[in-house]
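Novice: here is a sequence together with a model predicted from it:
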Amino acid sequence: MLLQNAVADALNSADWAFALAECVHIGGFAIGVGSIAVLDFRMLNLGLRHETAGRILRYTEPWTLVALVLVFFSGAALFLSQTEIYLVNLIFPIKMYVLAAALLFNFTIHRKVAQMESPPPALSKSVAGVSLLLWAAVVFGGLFTGFLI
Amino acid sequence: MAIAHSIQSIPFLSNFSESVLAYPIVMSTHLLCIAFFGGMILITNLRLLGLTFKSLTITEVVTSFRPWKRLGAVIMIGTGLMLATCEAEKYAPNPYFWTKMIILGLIFVHGAIFRPIVYLRTKELDASPVIPAKAKLAAILSLVLWTAMFTMGRLIAYWDTD
């Protein structure tokens, strides 16, 4: 079964390995979601007004991508270590669907609007709002997944 | 321990810890603040290190985020207090919890030291041809303290009395 794999063995044999993966996962999403939130903050016109959203995106995007890699690998390790529990979890699949929606939105509409030279303020603001809501839902989904284990 | 027991027996807190939904919602909010406001702390520190946001002045980065970081601190401390006090008997003997509180204290000490010489003097930092060492030191220490802070937060769940 999936549960009997090298990752599960490593993470279950050492208490600290699971804790470390969780810390990397939390630190990673803080950097990833945090860097996206800073761009949304600019798109909502709440600060950093002397720079365009497009330029802010160029600054934050590498941090977002590195963080996503960290979150992906630590998340995969957590999943593989307790596959049976996640597969019967009620919230986990919802979290994954919302995550897919958040990623898709982030790298298509969100990115395009951030790069527009002078987007209508209403468009910029609503796209930033949707982005914040989607990522907030992913974080809530992650925590609720843990509560149902 | 008697004190911890009477704290968590306050009706508001005992109702809260027994609630199926309120407890995880407050914890999710606490966690979400790490991302939303932690991102601002990260960007501020990276700007002080000269690693990103270079076309914006340090002054603009620091002052743009300041009111929002304050709001974040209020939500963080508010939700954190609820989470810790509603299970006071579990938290009181937990060494990770107290380590986290010591780190929180160090974050306030960091603020007391570096606020007057770095964070409130950003115009001087912007005028300087190279970013002064005190600003970089403040940024590195802040990053280390906040990393320790969320790590200890996670480890609180790993300590058990047996």
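Specialist: Perfect, I can see it now.
Novice: when you work out contacts or count neighbours from here on, use the C-alpha atoms and nothing else.
Specialist: Noted.
Novice: residue contacts, residue 148?
Specialist: Looking at chain A here, since you left the chain open. With contact set as Cα atoms under 8 Å, 6 or more residues apart in numbering or on different chains, residue A:148 has these partners: A:89, A:90, A:91.
Novice: ah, I was thinking of chain B
Specialist: B:100, B:103.
Novice: in the helix or strand where it lies, what counts as buried?
Specialist: Residue B:148 is part of helix B:133-155, with elements assigned from DSSP states H and E. Applying a neighbour-count criterion of 16 or more other Cα atoms under 10 Å in any protein chain shown, one finds B:135-139, B:142-143, B:145-146, B:149-155 buried in helix B:133-155.
Novice: other SSEs contacting the lowest-mean-pLDDT helix or strand in chain B?
Specialist: For chain B, using mean pLDDT, DSSP states H and E, the weakest element among its helices and strands is helix B:11-18, scoring a mean of 82. Where contact means 3 or more Cα pairs under 8 Å, 6 or more residues apart in numbering or on different chains; DSSP states H and E, helix B:11-18 is packed against helix B:22-48.
Novice: now do the helix it packs on, average pLDDT.
Specialist: Per-residue pLDDT values over helix B:22-48 give a mean of 93.
Novice: stretch A:73-80 too?
Specialist: The model assigns stretch A:73-80 a mean pLDDT of 94.
Novice: just the pLDDT at the residue of chain B most remote from its centre, thanks.
Specialist: Each residue of chain B has a distance to the centre, and by Cα atoms, centre = their mean the biggest one is for residue B:129: 31.3 Å. pLDDT for residue B:129: 91.
Novice: which of the three states applies to it?
Specialist: Following DSSP: H, G, I helix; E, B strand; the rest coil, residue B:129 is assigned to coil.
Novice: give the contact list for it.
Specialist: Contacts of residue B:129 (Cα under 8 Å, 6+ apart): none.
Novice: okay, it and residue B:50: tell me how far apart.
Specialist: Distance, residue B:129 to residue B:50, by Cα to Cα, to the nearest Å: 12 Å.
Novice: next to chain A, which bits of chain B? Give me the list.
Specialist: B:24-25, B:27-29, B:31-32, B:34-40, B:42-43, B:52-53, B:55-56, B:60-61, B:64-65, B:147, B:150-151, B:154-155, B:158 (Cα under 8 Å from any Cα of the partner chain).
Novice: which among the residues you listed end up buried?
Specialist: The buried subset of the residues of chain B next to chain A - by 16+ other Cα under 10 Å - is B:24, B:27-29, B:31-32, B:34-40, B:42-43, B:52-53, B:56, B:60-61, B:64-65, B:150-151, B:154-155.
Novice: ok, residue A:123 - contacts?
Specialist: residue A:113 are the contacts of residue A:123 under Cα under 8 Å, 6+ apart.
Novice: what residues sit buried inside the helix or strand that contains it?
Specialist: Assigned by DSSP H and E, residue A:123 belongs to helix A:121-147. Within helix A:121-147, the residues that count as buried by 16+ other Cα under 10 Å are A:124-125, A:127-132, A:134-145.
Novice: and if you look at stretch B:96-108?
Specialist: B:96, B:97, B:99, B:100, B:103, B:104, B:107.
Novice: quick one: the fourth one from residue A:128, how far?
Specialist: As for residue B:100, its distance to residue A:128 is 33 Å (criterion: Cα to Cα).
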